[in-house]
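Engineer: need a structure here:
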Amino acid sequence: MTAAPTPVVITGTGTDVGKTIATAALAALARSAGLDVGICKPVQTGLAPGEPGDADEAARLSGTRRVLEVRRLPDPLAPETAARVAGVPQATLDDLLGPIRCWLGGADAGSSEASASAEEPATPTGRLDLIEGAGGVLVRLGTDLTVLDLARSLAAPVVVVARAGLGTLSDTELTVRAIEAAELRCAGIVIGSWPYDPDLAERLNLEDLPRLTGVPVVGRVPEGAGAFSPDEFARTAPSWFSDHVVPALRGGHRTP
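Structural biologist: Residues are numbered from 1 along each chain as shown. Predicted structure coming up:
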């Protein structure tokens with residue numbers, strides 16, 4: 001039996017840095033390269049049942065049809081806190097890994113909280129699965145369960161979505177150090193909202209982020225991109241990234 005492909009985890013340097021739109025942009029880029037793309041959100045908070053979540057929004061913008069959301073909690077809080085407030089059991093690593101691995105393998109996840117849409121057409125030349133975390137790498141998805149723990153269990157490379165402006169250097173370097181301390185590969189940094197008229201700090205951060213972290217800035221998502229129509233988003237997203245991003249995402253999972 002062929003092993004499931006290694007996914008890529010999308011994390012951020014914090015909350016509201018543009019992870020969902022960056023995930024959509026990476027999905028659109030991969031689709032433009034002829035890949036079958038899937039988008040997964042292990043834990044969605046802050047939405048009622050039936051409301052479109054982050055994975056749905058990323059899929060809508062990118063045209064992706066293979067989507068999985070494993071768990072949903074109603075309050076707009078960190079997942080561990082949201083579960084505690086809702087009075088429901090905390091997620092465990094097995095709770096999340098089981099549906100995700102079934103989804104990666106192309107099987108029905110078998111969970112009432114997990115849903116996958118119809119498969120992409122049978123013509124793609126490869127596959128890329130994107131897993132969007134919650135907040136940063138140390139956000140708790142459950143008691144003693146972080147986004148980083150999930151990435152490590154999947155042996156997944158990690159893409160960091162960062163802010164453009166003042167203060168991003170420390171946040172991003174700390175995030176990359178945590179990823180590397182877990183013996184995972186940081187596959188690149190994406191600026192989640194790049195201004196149309198960047199100031200001095202924002203322009204210099206494009207040089208300083210790679211210099212300080214040792215990780216390239218592989219993409220810049222323009223501010224307001226989430227308001228684009230799906231056609232415009234899918235058409236323009238590939239231009240937001242440097243060359244060879246997709247092969248880098250698919251090219252292995254651990255640091256030497």
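Engineer: hey, where'd the strands end up in the stretch 1-150 of the chain?
Structural biologist: Assigned by DSSP state E, counting those that start in this stretch, the stretch 1-150 of the chain shows strands spanning 8-12, 35-45, 66-73, 126-132, 140-142, 145-146.
Engineer: mean neighbour count, those strands: which tops it?
Structural biologist: Compared across these, strand 8-12 shows the largest average neighbour count, a mean of 28 (mean count of other CB atoms under 10 Å). All C-beta atoms are positioned from the backbone trio N, CA, C, and that covers glycine.
Engineer: what's the pLDDT at the spatially most distant residue from the centre of the chain?
Structural biologist: Most distant from the centre of the chain: Leu200, at 28.2 Å, with distances by CA atoms, centre = their mean. Looking at Leu200, its pLDDT reads 97.
Engineer: what does Gly50 give?
Structural biologist: pLDDT at Gly50 comes out at 89.
Engineer: if we can go back for a sec, nearest to Thr168, of the strands of the stretch 1-150 of the chain?
Structural biologist: Judged by CB to CB, the one of the strands of the stretch 1-150 of the chain that comes nearest to Thr168 is strand 8-12, at 10.9 Å.
Engineer: just the residues contacting stretch 227-243, thanks.
Structural biologist: 24-26, 28-29, 31-32, 60-63, 190, 216-222, 225 (CB atoms under 8 Å, 6 or more residues apart in numbering).
Engineer: list buried residues within the residues you listed.
Structural biologist: Buried members of the contacts of stretch 227-243, scored by 16 or more other CB atoms under 10 Å, are 24-26, 28-29, 31-32, 61-63, 190, 217-222, 225.
Engineer: buried stuff in the lowest-mean-pLDDT helix or strand in the chain?
Structural biologist: Within the chain, judged by mean pLDDT, DSSP states H and E, the helix or strand with the poorest mean is helix 245-249; its value is a mean of 89. By neighbour count on 16+ other CB under 10 Å, the buried set for helix 245-249 is 245-246, 248-249.
Engineer: one more: stretch 221-234?
Structural biologist: Those would be 221-223, 225-226, 228, 233-234, for stretch 221-234 by 16+ other CB under 10 Å.
Engineer: from the chain's centre, how far out does it sit?
Structural biologist: Distance of stretch 221-234 from its chain centroid, counting by CA atoms, centre = their mean, to the nearest Å, is 17 Å.
Engineer: I appreciate the help and will end here.
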